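Visitor: next comes the sequence, and after it the predicted model I'd like to discuss.
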Amino acid sequence: MSEGQRQQRIYQIQRQKYLGVGSETTTKESWSDNVRKDTYHSLQGHSAILEYLTLANDSIPSKRDMKVTLIKKMARDESTKKRHIDD
């Protein structure tokens, strides 16, 4: 099996295993948006990391408020992009 075929087969396996890998038509912007949203989702989903972020940020008083802030950031990324396209 040639090196190119082997790499293509590995890529297909990775695409099936990890949905965030994308496809041939995935743009750099789309991929980076997915990574950003996934990061915010991971941060707000882990209690210890959420507590660390809350302690590090003096302006947010509770873990619940930090979680809401991260969720709003996830949503804001998509909405600001849509507003920019509509302008």
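Guide: Great, that's in hand.
Visitor: quick one: least confident helix or strand in the protein?
Guide: helix 63-86 (a mean of 76; mean pLDDT, DSSP states H and E).
Visitor: low-confidence ranges, the protein, go.
Guide: Applying pLDDT under 70 to the chain flags the ranges 1, 19, 77-87.
Visitor: ok, which stretches of it are strands?
Guide: Along the chain, counting by DSSP state E, no stretch forms strands.
Visitor: give me the neighbour count for residue 47.
Guide: 10 (other C-beta atoms under 10 Å). From N, CA and C alone the C-beta is placed, and that goes for glycine too.
Visitor: leaving out sequence neighbours, find the closest residue to it.
Guide: residue 63 (7.5 Å; C-beta to C-beta, 6 or more residues apart in numbering).
Visitor: show me what contacts that neighbour?
Guide: By C-beta atoms under 8 Å, 6 or more residues apart in numbering, the contact list for residue 63 reads 47, 50, 51, 54.
Visitor: closest to residue 40 out of those?
Guide: Lowest distance from residue 40 to those (C-beta to C-beta) belongs to residue 50, with 11.2 Å.
Visitor: wait, residue 34 touches residue 20, no?
Guide: Yes. Between residue 34 and residue 20 there is a contact under C-beta atoms under 8 Å: 5.4 Å.
Visitor: those two: who's more crowded?
Guide: Neighbours per residue (other C-beta under 10 Å) separate residue 34 from residue 20, with residue 34 holding more: 15 against 12.
Visitor: measure that one to residue 24 for me?
Guide: Residue 34 is 15 Å from residue 24, where distance means C-beta to C-beta, to the nearest Å.
Visitor: how many residues are close by residue 66?
Guide: Residues near residue 66, counting by other C-beta under 10 Å, number 22.
Visitor: residue 44 too?
Guide: Using other C-beta under 10 Å as the criterion, residue 44 is surrounded by 20 other residues.
Visitor: one more: residue 61?
Guide: When neighbours are counted by other C-beta under 10 Å, residue 61 comes out with 10.
Visitor: next, the contact list for it, please.
Guide: Residue 61 is in contact with residue 54, counting by C-beta under 8 Å, 6+ apart.
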